[in-house]
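Student: Kindly generate the corresponding structure for this input.
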Amino acid sequence: MGANDSGTRWFSVGNCSGKRIRWDGTTLTIKGDLVFDSNNYWYPGGNFKVGSDSHYLYWDGTTFTIQGKLVAQSGSTIDGAYITNATITADKLDVDYLSAISANLGTITAAKVTVDTAGYIRGGKTGYGSGTGWWLGYSSGYKFDIGSDSAYLRWDGSQLYVRGEGHFGDDDDYTVVGDSSYKSAILFYANGSYAGNLHGSSGGGLAFYASGGVANDYSAQIVPVQDNAYSLGSYSGNKWYAFYGYNVYTDELYSQATDRIDFHCRISPSDHASYDNGLSNHAWNNVYYCVANDVCSLGMVEEIGNPLELIANIKTSEDKYTPKDLPKADYKTLPKFIKTVKYSDLKKDRKDFKEYLQSILSKNAEITYEDDEKVTVRIEALDVTATISLLLGAIRQLNKKIEALEGH
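Tutor: Sure, this is the predicted structure:
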């Protein structure tokens, strides 16, 4: 210890050529091991340990170990590039916002998830009403959108929209509309206007209501999507009990259970003298009535011919009989003005085609055309009004003859 020639103070402790501590007025040099205790030391080979028994910094020449809390003061940072991957576990993170983390979050388990006015969660869709997938979040209000641009389930913040085909239930499952304690309804709109609704009635039934002025001013219409393709009720299964209405339009009306249809009303055609009651190949068997009013005019046959001679020319058929087993008149010998002739097409795909054809031919019919699909028959019938005209003419002619005989 002392001072050099220039007066600079210095000191040296230890071996001048070995381990020592030396101050030369500018630099403090420590050569050799520096040991304070078993937890604090510095070895010239590079190893060192600073701290206490439970909190310390330790370098063993290969690994730098920090035992205890590492606090970065204000203005200090820790470079994450030098942190070993997958060594910081989730329970060691404490952040105010997840936006501070940029990562594939994998599986998330949370008691609550709150989306603010700038947030959303999505899959596939780029936004509300855009793309295919799903979107839930805030877009001028809280909304959700599931599906595609053409088929979707959407909530726009005030109304729920469903577009496209849907499948409700599976196999024997069913879909409940409404609640068992309340009535429910499905509303229908056409061209933006209310058209009607289907709702449960208080009596337990299902009622259909249509708004006035809809569907050509009819109060309600149930229309099949294809003409002559669907049934209301089952032909061989469950049937409707009763229909009530002011106007019923149908091409064919059947009653399978009792083989009859009871009418408690007037049955009339929509146009005068325009429709037939029965067909040429489907005639009524027995017609019961109290009063028959023929509105067609009776003809005066004696003005155009000899009624008695016309009747005398009617021959008897050799092989045709009436339902009462009486020989039929030969329709070919009837006066032309009392005969009616119609043609009817019989489809060959009918199950009882052969028997049906024979029953038609056993009447006053004959085949006029046939191909692979049908048989056309010519059917002759009797015009009742014209026949009465012929009989009246014959009576009038006989009456004249009787009067002439009485005059002699």
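
Student: dump the residue contacts of D156.
Tutor: By Cβ atoms under 8 Å, 6 or more residues apart in numbering, the residues touching D156 are 141, 143. All C-beta spots, glycine's among them, are computed from the backbone N, C-alpha and C.

Student: Same check on the one 4 residues further on?
Tutor: Contact partners of L160, counting by Cβ under 8 Å, 6+ apart, are 153-154.

Student: beta partners of it?
Tutor: Beta-bridge partners for L160, by DSSP bridges, are W155.

Student: how close does it sit to T126?
Tutor: From L160 over to T126 the distance is 22 Å, taken as Cβ to Cβ, to the nearest Å.

Student: distance of the closest residue to L70 other than its chain neighbours from Y142?
Tutor: Once flanking residues are discounted, L70 sits nearest to I78: 7.7 Å by Cβ to Cβ, 6 or more residues apart in numbering. Relative to Y142, I78 is positioned 39 Å away (Cβ to Cβ).

Student: More neighbours: those two, which one.
Tutor: The neighbour count for I78 versus Y142, taken as other Cβ atoms under 10 Å, is higher for Y142 (14 against 9).

Student: pretty sure that one is touching Y128, no?
Tutor: No. If you go by Cβ atoms under 8 Å, Y142 and Y128 don't touch, sitting 10.2 Å apart.

Student: Show me the shaky parts of the stretch 151-300 of the chain.
Tutor: Scanning the stretch 151-300 of the chain for pLDDT under 70 picks out 171, 178, 180-183, 201-205, 211-223, 225, 229, 235, 256-258.

Student: So for stretch 309-329, mean pLDDT?
Tutor: When pLDDT is averaged along stretch 309-329, the result is 87.

Student: err, stretch 63-71, not the other one
Tutor: 84.

Student: and the end-to-end length of that stretch?
Tutor: Distance across stretch 63-71, first residue to last, is 20 Å (Cα to Cα, to the nearest Å).

Student: Outside of it itself, which residues are in contact with it?
Tutor: Contacts to stretch 63-71, defined as Cβ under 8 Å, 6+ apart, come from residues 51, 54-59, 78.

Student: Partner strands of the host helix or strand of F36 and their direction?
Tutor: Mapping F36 onto the secondary structure by DSSP states H and E places it in strand 34-37. Its sheet considered, strand 34-37 pairs with strand 40-42 (antiparallel) by DSSP bridges.

Student: Following element in sequence after the partner strand, please.
Tutor: The helix or strand immediately downstream of strand 40-42 is strand 48-51, counting by DSSP H and E.

Student: Which of the contacts of stretch 63-71 fall within strands?
Tutor: Under the assignment DSSP state E, those contribute 51, 56-59 to strands.

Student: Those residues: which two are farthest apart?
Tutor: Distance extremes for these: the farthest pair is G51 and W59 at 11.8 Å, using Cβ to Cβ.

Student: Contacts only, for Y331.
Tutor: 317, 339, 364, 380, 382.

Student: quick one: which two of those are the most distant?
Tutor: Taking Cβ to Cβ, the two most distant members of the contacts of Y331 are S317 and K339; they sit 14.0 Å apart.

Student: what's the domain layout of the protein?
Tutor: Using automatic domain parsing, the domain parsing of the chain gives 110-166, 172-273, 301-407.

Student: possible to save those domains as a markdown table with distance to H282?
Tutor: Below are these laid out as a markdown table (distance: least, Cβ to Cβ, whole Å):
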| stretch | distance to H282 |
| --- | --- |
| domain 110-166 | 43 |
| domain 172-273 | 11 |
| domain 301-407 | 9 |
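
Student: Of all those domains, which one is nearest N286?
Tutor: domain 301-407 (9.1 Å).

Student: Can you measure across the closest one, start residue to end residue?
Tutor: OK, domain 301-407 end separation, Cα to Cα: 25 Å.

Student: from the chain's centre, how far out does it sit?
Tutor: Offset of domain 301-407 from its chain centre (Cα atoms, centre = their mean, to the nearest Å): 57 Å.

Student: re earlier: go ahead and confirm the residue nearest to L70 touches I88.
Tutor: No. With contact defined as Cβ under 8 Å, I78 and I88 do not form a contacting pair (10.9 Å).

Student: need the helices for this structure, in chain order.
Tutor: Taking DSSP state H as the test, the helices found in the chain are 307-312, 353-361, 384-407.

Student: Can you tell me which of the contacts of Y331 has the most neighbours?
Tutor: The most neighbours of any of the contacts of Y331, using other Cβ under 10 Å, belong to N364, which has 22 neighbours.

Student: contacting residues around it?
Tutor: Counting by Cβ under 8 Å, 6+ apart, N364 makes contact with 320, 328, 331, 379-381.

Student: gap between it and A312?
Tutor: With distances taken as Cβ to Cβ, N364 is found 21 Å from A312.

Student: Likewise for N277?
Tutor: Counting by Cβ to Cβ - N277 and A312 are separated by 32 Å.

Student: Tell me which residue lies nearest the centroid of the protein.
Tutor: E165 (4.2 Å; Cα atoms, centre = their mean).

Student: State the number of residues packed around the residue lying closest to that one once chain neighbours are set aside.
Tutor: Nearest residue to E165 in three dimensions, chain neighbours excluded: A151, at 7.2 Å (Cβ to Cβ, 6+ apart). Neighbourhood size, A151 [other Cβ under 10 Å]: 13.

Student: quick one: A151 from D319, how far?
Tutor: A151 sits 69 Å away from D319, going by Cβ to Cβ.

Student: do the same with C265
Tutor: As judged by Cβ to Cβ, C265 and D319 stand 43 Å apart.

Student: do the same with S130
Tutor: As for S130, its distance to D319 is 83 Å (criterion: Cβ to Cβ).

Student: follow-up on the earlier one: farthest-separated two in the contacts of stretch 63-71?
Tutor: Farthest apart among the contacts of stretch 63-71 by Cβ to Cβ are S54 and I78. That separation is 21.9 Å.

Student: re earlier: looking at the contacts of N364, which is nearest Y230?
Tutor: Within the contacts of N364, the smallest distance to Y230 is 32.5 Å, found for I379 (Cβ to Cβ).

Student: My read is that the closest one contacts L346, right?
Tutor: No. I379 lies out of contact with L346 (Cβ under 8 Å); the separation is 10.7 Å.
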